[in-house]
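Colleague: fold the stuff below for me.
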Amino acid sequence: MEITWYGHSCFRLTQRRMTTIVTDPYDGAAVGLPPLKLKADVVTISTDAPGHNALKAVKGARHVLTGPGEYEIGGVFITAIHTNGKGKSQGELPRNTLFLFDYDGITVAHLGNMRRVPTQAEVEALGTVHVALVPVGGGSALSAAKAAEVISVLEPSIVVPMHYRLPGTTSKLESVTRFLKEMGVEGAAPVPVLKVTRASIPDELQVVVLENANAPS
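Modeller: Numbers count the residues shown, from 1 in each chain. As a prediction, the model looks like this:
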């Protein structure tokens, strides 16, 4: 399967003869990036906010998933779990939905705007996570340090950072550099696309930084 990043929390997941999914399409004006022009069969929205819910940016979508549940669409199994929620001292946090996509045995977890470390019960409900798409820039989601903590709990094979400040944008998010330092990663050159097969899943944790496919020209 192939994973392409379009900036912020927006990815396109594709595999031959299977459903194409776009996660968290954004309003370009809201995040300081060009307008999106994508096509997909399924759109998932983790958070009801302009940086994550711009449905008009995606053409052809027959299914829009916004909340918890279990789905099978075009050969892809999708599990959606509500995260954040009410803490003992922090009141009700904004709603967030984590999506787990199973492409013929390869699992990809999009954490959305997750703000806290998941409970053991939530981790067990997810099962094995091969690829985790993790917010790392703070703001309304995980900081670099919290992201590293979440990764240690989920134990994915591959981590792709998202939701961080990009060159030329006015976002108040942190850059990806702080997260890479937290993870002890040096010299992570961005790649255009992440291609994953069962045979290519690493035995040890790998951090992959993706190029922004919707970078300003």
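
Colleague: from here on, contacts and neighbour counts on C-alpha atoms
Modeller: OK.

Colleague: which parts of the chain are helices?
Modeller: Listed in chain order, the helices of the chain (DSSP state H) span 28-31, 120-126, 144-154, 176-182.

Colleague: which one of these lies closest to Gly112?
Modeller: Gly112 sits nearest to helix 144-154 of all the helices of the chain, at 12.0 Å, using C-alpha to C-alpha.

Colleague: run through who's touching the closest one.
Modeller: Helix 144-154 is contacted by residues 116-118, 123, 129, 134-138, 159, 178-179, 182-183 when judged by C-alpha atoms under 8 Å, 6 or more residues apart in numbering.

Colleague: buried ones only from those residues, please, as a ChimeraX command.
Modeller: Filtering the contacts of helix 144-154 down to the buried ones (16 or more other C-alpha atoms under 10 Å) takes a single ChimeraX command:
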select :116,117,118,123,129,134,135,136,137,138,159,179,183
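
Colleague: and Glu174, how close does it get to Gly184?
Modeller: Distance of Glu174 to Gly184, given as C-alpha to C-alpha, to the nearest Å: 17 Å.

Colleague: and for Arg12?
Modeller: Arg12 is 27 Å from Gly184, by C-alpha to C-alpha.

Colleague: cool, Ser217 as well?
Modeller: 32 Å.

Colleague: settle it for me: which of the two has more neighbours?
Modeller: Applying other C-alpha atoms under 10 Å to Ser217 and Gly184 shows that Gly184 carries more neighbours, namely 9 against 4.

Colleague: and the contacts of helix 144-154, which two are the farthest apart?
Modeller: Using C-alpha to C-alpha, these span at most 25.1 Å, a distance reached by Val123 and Arg178.

Colleague: output the below-cut-off pLDDT ranges for this structure.
Modeller: 85-93 (pLDDT under 70).

Colleague: thought Val136 was touching Val160?
Modeller: No. Counting by C-alpha atoms under 8 Å, Val136 stays clear of Val160, with 9.6 Å between them.

Colleague: grab the nearest non-local neighbour of Thr170.
Modeller: Leaving out its chain neighbours, the residue that sits closest to Thr170 by C-alpha to C-alpha, 6 or more residues apart in numbering is Gly32, at 6.3 Å.

Colleague: one more: Asp24?
Modeller: Per C-alpha to C-alpha, 6+ apart, closest to Asp24 is His52, 4.2 Å.

Colleague: gap between the one you found and Arg17?
Modeller: Here His52 is placed at a distance of 27 Å from Arg17 (C-alpha to C-alpha).

Colleague: any chance of CSV for the helices of the chain, columns distance to Phe101?
Modeller: Shown next, in CSV, are these (distance: least, C-alpha to C-alpha, whole Å):
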stretch, distance to Phe101
helix 28-31, 25
helix 120-126, 10
helix 144-154, 15
helix 176-182, 24
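
Colleague: deepest of these, which one?
Modeller: helix 144-154 (a mean of 19; mean count of other C-alpha atoms under 10 Å).

Colleague: returning to that earlier point: between His52 and Arg17, which has more neighbouring residues?
Modeller: The neighbour comparison of His52 against Arg17 (other C-alpha under 10 Å) goes to His52, with 23 against 8.
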